[in-house]
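J.: Could you work out the structure for the sequence below:
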Amino acid sequence: MQRIILFYWMLMFVQYTSAQMSFCGNKTYPALSFSAETTAKLDADIEEAHARYLKDTTNADALIWYGRRLAYRGRYDEAIAVFTKGIQQHPADARMYRHRGHRYLTTRCVDKAIADFTKAAELIKGKPDEIEPDGMPNAQNIPTSTLQSNIWYHLGLAYYLKADFTKAEEAYKECLKVSANPDMYVATANWYYITLRELKKEKEAAQLLETVPKDMKIIENEGYLTILLLYKQQQDPDELYKKLMADNNTLNNATGGFGLGNFYRLSGNPAKAQLIFEQVTKGSQWGSFAFMAAEASLPSLLSR
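T.: Here you go, the predicted structure:
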């Protein structure tokens, strides 16, 4: 699938720096810092994508890849500007709204993201789906998401972050219809399941879990499968907590941390959930969807 935390898979080292980036909602996050090798690779990719774009600034594919490469480098304002130009040139191309919406999510401009994903959803109605190439191919070099699944997936997340669970459910229901492989299926099912739990639709949530067997052949979304198996009582939460504490991969810590924390929250242990969410939001993966969800969930826990 389109990388859930797309550009983070490309990082060798991510550190906090003194510089800050300001996003919607007056939030600030540490600027990204890359290793010299990774910086050189990302900058070379941008240069190549920019050169292709300059050869024909009306070419939709070239424009999209230029914007995506900028975003992987953390140059979100520039990426959003590129996609905005793409929308002006190609107003009927759902991909432009899908990619700009993604970066609005990254920068916490959730309402703008919802507007973009809603428009993209309108544009794909009645059209065949298409594979979306990955910016960083997985180990098997098999893309695991599509344009339509990404549109619905991101729209569902945006509504989830706003605690509009009814609309999130609608989006995830559509997303599940186009989640055609195990990786995309478990990613969608994870968010769909916890959305159903928020809506107190316990029967539907339980039925969804029954569609997730333990032996699913996963390429890259093992974390989401693990979380779903946790809800199926096929994983030990205490064991997962120990692994989480011992794992130096901050991306895994964000994904697994939010999943585990949310499990405790929905199981009636808000104190444990708060502890884990606070740890997640102290990490470096502030661009990951799990980080965003933990961040959105903390206020209600802190005010209890």
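
J.: what's downstream of the longest helix anywhere in the chain, the next helix or strand?
T.: Secondary structure of the chain per DSSP state H: the longest helix is helix 36-55. Going down the chain from helix 36-55, the next helix or strand is helix 60-72, by DSSP states H and E.

J.: Would you mark the buried spots in that next one?
T.: Within helix 60-72, the residues that qualify as buried are A62, L63, I64, W65, Y66, G67, R68, R69, L70, A71, Y72, counting by 16 or more other C-beta atoms under 10 Å. C-betas here are computed from N, CA, C, even on glycine.

J.: from those, which single one is nearest K55?
T.: Of all those, A62 has the smallest distance to K55: 7.2 Å, by C-beta to C-beta.

J.: Wait, the closest one touches A49, no?
T.: Yes - contact criterion C-beta atoms under 8 Å: A62 and A49 qualify, at 7.4 Å.

J.: Can you say which helix or strand has the closest residue in space to R68 that isn't next to it in sequence in it?
T.: Of all residues not flanking R68 in the chain, G135 sits nearest, at 5.5 Å (C-beta to C-beta, 6 or more residues apart in numbering). G135 belongs to no helix or strand when assigned by DSSP H and E.

J.: confidence score at G135?
T.: Looking at G135, its pLDDT is 78.

J.: Please renumber the chain so that the first residue is 41 from this point on.
T.: Will do, 41 is the new start, and the previous item becomes G175.

J.: Can you give me the neighbour number for it?
T.: Applying other C-beta atoms under 10 Å, we find 17 residues neighbouring G175.

J.: cool, A132 as well?
T.: If we define neighbours as other C-beta under 10 Å, then A132 has 7 of them.

J.: How about the contacts made by the nearest residue to it once chain neighbours are set aside?
T.: Nearest non-adjacent residue to A132, counting by C-beta to C-beta, 6+ apart: L163, 6.2 Å away. Listed by C-beta atoms under 8 Å, 6 or more residues apart in numbering, the contact set of L163 reads A132, D133, A134, Y137.

J.: which one of these sits closest to E170?
T.: A134 (9.8 Å).

J.: Go ahead and confirm the closest one touches W192.
T.: No - the pair A134 / W192 is not scored as a contact, 11.4 Å apart, by C-beta under 8 Å.

J.: Mutual contacts of those two, please.
T.: Common neighbours of A134 and W192 (C-beta under 8 Å, 6+ apart) are A161.

J.: Settle it for me: which of these two has more neighbours?
T.: Neighbours were counted for A134 and for W192 using other C-beta under 10 Å; W192 has more, 26 against 23.

J.: Find the residue closest to the more buried one in space, skipping its chain neighbours.
T.: Closest residue in space to W192, ignoring its immediate chain neighbours: C215 at 3.5 Å, by C-beta to C-beta, 6+ apart.

J.: What count of nearby residues applies to the nearest residue to D287 once chain neighbours are set aside?
T.: With C-beta to C-beta, 6+ apart as the criterion, D287 has its nearest non-adjacent residue at 5.8 Å, and that residue is N293. Using other C-beta under 10 Å, the number of residues around N293 comes to 25.

J.: hang on, the earlier thing: identify each buried residue in the longest helix of the chain, please.
T.: Result for helix 76-95 [16+ other C-beta under 10 Å]: buried residues T78, L82, D85, I86, A89, H90, Y93.

J.: tell me the angle of it relative to helix 100-112?
T.: Angular relation of helix 76-95 and helix 100-112 on a 0 to 180 degree scale: 150 degrees, by axes from the mean of the first three to the mean of the last three C-alpha atoms, to 10 degrees.
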